[in-house]
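K.L.:
Would you be able to build a 3D model of this:
(chains A and B)
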Amino acid sequence: VYFGLKIPYADSLLVGFKPSTKVTGLDSVAPALRPPAVTLIHLAFDAMIGLAFVLLAAGLWALWTWWRRRALPRQAWFWWLAILCGPAALIAMECGWIVTEVGRQPWVVYQLMTTTAAATTNGGVIDSLTAVIILYAVLGVVTVAILRMLARRWRQGPQAEPEAGVPYGPPEEHREPTGREPA
Amino acid sequence: MITGVVGGILLAGLTLYAALGGADFGGGLWDLLAGADQRGRAPRQLIDDTITPVWEANHVWLIFVLVIFWTAFPPAFAAVMTAAALPLWLAAFGIVLRGAGFAFRKEVETLHWQRLFGAAFAFSSLIVPFFMGTVIGAIASGRIPATPAHTDLAVWTGPTSLLIGTLFVAVCGYLAAVFLTREASRREDHRLRRYFAVRAAVAGAVSGALSLATLAEIRSANPALFHGLTHRALPLVILAAGCGLAVVVLLATGRSHGLRTLSVLGVAAVVFGWGVAQSPVLLPGTGMTLTSAAAPHSVLVTIVVIFVVAALLVGPSFFLLFSLQGRQLLEGEKHAEKSTP
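P.N.:
Predicted structure coming up:
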């Protein structure tokens, strides 16, 4: 640990709410049952907590100025921070998932079932995973494209709303140029 | 005893999913068959209006059914998920594409893209109930092995599976057409009422014929289940047939009250009829029963408690959602926008 602050008994207090709690470390677990990539778990945990404090700071900053003068901060870099808060929240959440999911390996249910025992015996796991990634990548791109399109339309004002109501079907042979159903 | 209660909860969830999710899929089916964009405009508009506020809520029941099945009967769940992995994957892809297509098609500007997403929505509405039906068929005909090593085409492509898959599509169309008939008549749109009443009657007749064909097929595929359906579950089978006939009579005489209740009651009778006829067997052909495949007692008690709490929380919310939708309070913005030009 570099640049660490030593707080005596803090770990024991966190785990057992009293200074005498013995914290069980990874070295008490048989090597075969230890999770892989301990550094990854550690860094993911640090990133999650670090980002949590960044988000907290941004919120407190806004609350503080709101309390003082009923307005959000005027500083430009508060707004840059606010923009970063969106992705930061997502990254913190993903890091949390890495901590729990990588951290409990090789167990899928702690001390009851290993991930190997729980995995499907079907082949094609990589294939289906690839298919899911491709599907969601396409949907992700389409979502962003549609959100951008909506933003553009709203910037142009209400008259830019598309005229057609429910034209989802295949084209009629003799289409009315107005696109409206004759009453 | 408690395994029977949990089995009943599972059947109730299946009924709700079949009735509400089924009507939802059926809406997509009629959207697919509504024809070219001028002719199909009015029915598509009605389908859109009725599905938009509730389509996400209706699919909650699928998650409910999967979670109860998984936690209450893990070995049976594992066997079904492994042996029928392929149709379940296809159904899952269909569900994702359906939701995305439905949400996206409203927002894109050009007709070209609206048609593409509309087609994704409508086509996946057809394939999802079909593949789900093949899995139910695989279970009912006893083709799921107790400890399958991998998915197998033979498991879910038997005649029972294909019949039940087709039956599911027909029932979805039937439910949706019945609901849309009721909706059109409430809006006093007589042209659309007739449009959907004809489709409801046709889909009802097709569903009835497919049900009889399935029953005949089950007689050879799973004699024990057939015996259950014609003895212990006979009252439910008769109830289902009676509901179907009553709906057709109501449609023919131009009435709309009681249509929805009768059609949902018919679906419930089919689902519970299956459960009663098969019980206590959980997976026919494997020896897995409600008791032998059940999770430990404490898990089952937790499931029953959670079900009661969830019913207390979710029940009123759904009642509010459907009554708001029934009073057309959820589409105010859209209607105002439509009436301006």
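
K.L.:
what does chain B put close to chain A?
P.N.:
Residues of chain B that fall close to chain A, judged by Cβ under 8 Å from any Cβ of the partner chain: B:31, B:34-42, B:44-45, B:48, B:81-82, B:85, B:89, B:93, B:96-97, B:100, B:104-105, B:107-109, B:111, B:114-115, B:117-119, B:121-122, B:148-151, B:337-338. The way it works is simple: take the backbone N, C-alpha and C, and place the C-beta from them, glycine included.

K.L.:
please redo it, this time with the cut-off set to 6 Å
P.N.:
Residues of chain B lying near chain A by Cβ under 6 Å from any Cβ of the partner chain: B:36-38, B:40-41, B:44-45, B:48, B:82, B:85, B:100, B:105, B:107, B:109, B:111, B:114, B:118, B:149-151.

K.L.:
Show the buried residues in the residues you listed.
P.N.:
B:37-38, B:40-41, B:44-45, B:48, B:82, B:85, B:100, B:105, B:107, B:109, B:111, B:114, B:118, B:151 (16 or more other Cβ atoms under 10 Å in any protein chain shown).

K.L.:
Grab the longest helix from chain B for me.
P.N.:
helix B:190-221 (DSSP state H).

K.L.:
following that helix, which helix or strand shows up next?
P.N.:
As assigned by DSSP states H and E, the chain's next helix or strand after helix B:190-221 is helix B:223-230.

K.L.:
Now do the buried residues in that following helix.
P.N.:
By 16+ other Cβ under 10 Å, the buried positions in helix B:223-230 come out as B:225, B:226, B:228, B:229.

K.L.:
pLDDT score assigned to residue B:125?
P.N.:
Note for residue B:125: predicted pLDDT of 89.

K.L.:
How about the contacts made by it?
P.N.:
B:25, B:28, B:29, B:98 (Cβ atoms under 6 Å, 6 or more residues apart in numbering or on different chains).

K.L.:
Sticking with it, tell me its helix or strand.
P.N.:
helix B:111-140.

K.L.:
Check the offset of that helix from the chain's centre.
P.N.:
Relative to the chain's own centre, helix B:111-140 is displaced by 12 Å; criterion: Cα atoms, centre = their mean, to the nearest Å.

K.L.:
Low-confidence regions, the stretch 1-150 of chain B specifically.
P.N.:
For the stretch 1-150 of chain B, applying pLDDT under 70 flags the ranges B:109.

K.L.:
same deal with chain A?
P.N.:
Residues of chain A that meet the cut-off, pLDDT under 70, sit at A:1-32, A:157-183.

K.L.:
which strands and helices sit next to the host helix or strand of residue B:239?
P.N.:
Element membership for residue B:239, per DSSP H and E: helix B:234-252. Secondary-structure packing of helix B:234-252 (3 or more Cβ pairs under 6 Å, 6 or more residues apart in numbering or on different chains; DSSP states H and E): helix B:190-221, helix B:259-278.

K.L.:
Of the residues of chain B next to chain A, which belong to helices?
P.N.:
B:41, B:44, B:45, B:48, B:82, B:85, B:100, B:105, B:107, B:111, B:114, B:118.

K.L.:
was I right about the fifth one contacting residue B:148?
P.N.:
Yes: in this structure residue B:82 lies within contact range of residue B:148 using Cβ atoms under 6 Å: 4.7 Å.

K.L.:
Between all of the contacts of residue B:125, which two are separated the most?
P.N.:
Taking Cβ to Cβ, the two most distant members of the contacts of residue B:125 are B:29 and B:98; they sit 11.3 Å apart.

K.L.:
hang on, the earlier thing: show me which residues of the helix holding residue B:239 are buried.
P.N.:
B:236, B:237, B:239, B:240, B:241, B:243, B:244, B:246, B:247, B:248, B:250, B:251.

K.L.:
The second one touches residue B:272, doesn't it?
P.N.:
When you say that, I think you mean residue B:237. No: judged on Cβ under 6 Å, residue B:237 makes no contact with residue B:272 at a distance of 10.2 Å.

K.L.:
ok, now which ones touch residue A:105?
P.N.:
Residue A:105 touches residue A:35, counting by Cβ under 6 Å, 6+ apart.

K.L.:
Oops, could you answer that again for residue A:144 instead?
P.N.:
Per Cβ under 6 Å, 6+ apart, neighbours of residue A:144: none.

K.L.:
Off-centre distance for stretch B:103-117?
P.N.:
In terms of Cα atoms, centre = their mean, the centre of stretch B:103-117 is found 26 Å from the chain centre.

K.L.:
how long is it from one end to the other?
P.N.:
Stretch B:103-117 has its terminal residues 9 Å apart, counting by Cα to Cα, to the nearest Å.

K.L.:
returning to that earlier point: starting at the chain centroid, how far to the helix holding residue B:239?
P.N.:
Centre-to-centre, helix B:234-252 and its host chain are 18 Å apart (Cα atoms, centre = their mean).

K.L.:
Please, where are all the strands along chain A?
P.N.:
For chain A, strands defined by DSSP state E occupy the ranges A:107-109, A:113-114.

K.L.:
mind checking how far residue A:57 is from chain B?
P.N.:
Residue A:57 sits 35 Å away from chain B, going by Cβ to the nearest Cβ, to the nearest Å.

K.L.:
residues near that residue, how many?
P.N.:
12 (other Cβ atoms under 10 Å in any protein chain shown).

K.L.:
buried sites along stretch A:96-108?
P.N.:
Those would be A:96, A:98, A:99, A:103, A:105, A:107, for stretch A:96-108 by 16+ other Cβ under 10 Å.

K.L.:
ok, back up a step: which two in the buried residues of helix B:223-230 are spaced the farthest apart?
P.N.:
It's B:226 and B:228 that sit farthest apart of the buried residues of helix B:223-230, by Cβ to Cβ, at 7.2 Å.

K.L.:
still on that earlier bit, most packed of the helices and strands packed on helix B:234-252?
P.N.:
helix B:259-278 (a mean of 22; mean count of other Cβ atoms under 10 Å in any protein chain shown).

K.L.:
As PDB, could you dump the C-alpha coordinates of that helix?
P.N.:
Provided in PDB are the C-alpha atoms of helix B:259-278 (Å, rounded to 0.1, in the frame of the first residue of the first chain):
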ATOM      1  CA  LEU B 259     -65.700 -11.200 -24.000                       C
ATOM      2  CA  ARG B 260     -62.400 -10.500 -22.200                       C
ATOM      3  CA  THR B 261     -63.400 -12.300 -19.000                       C
ATOM      4  CA  LEU B 262     -64.500 -15.400 -20.900                       C
ATOM      5  CA  SER B 263     -61.400 -15.600 -23.100                       C
ATOM      6  CA  VAL B 264     -59.100 -15.200 -20.100                       C
ATOM      7  CA  LEU B 265     -61.100 -17.800 -18.100                       C
ATOM      8  CA  GLY B 266     -60.700 -20.200 -21.100                       C
ATOM      9  CA  VAL B 267     -56.900 -19.700 -21.100                       C
ATOM     10  CA  ALA B 268     -56.700 -20.200 -17.300                       C
ATOM     11  CA  ALA B 269     -58.800 -23.400 -17.700                       C
ATOM     12  CA  VAL B 270     -56.300 -24.800 -20.200                       C
ATOM     13  CA  VAL B 271     -53.200 -23.900 -18.100                       C
ATOM     14  CA  PHE B 272     -54.700 -25.300 -14.900                       C
ATOM     15  CA  GLY B 273     -56.100 -28.200 -16.800                       C
ATOM     16  CA  TRP B 274     -52.600 -29.100 -17.900                       C
ATOM     17  CA  GLY B 275     -51.300 -28.700 -14.400                       C
ATOM     18  CA  VAL B 276     -54.000 -30.700 -12.700                       C
ATOM     19  CA  ALA B 277     -53.900 -33.500 -15.400                       C
ATOM     20  CA  GLN B 278     -50.100 -33.900 -15.000                       C
END
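
K.L.:
what separates that helix from the chain centre, distance-wise?
P.N.:
For helix B:259-278, the distance to the chain centre is 11 Å (Cα atoms, centre = their mean).

K.L.:
Show the average pLDDT along that helix.
P.N.:
90.
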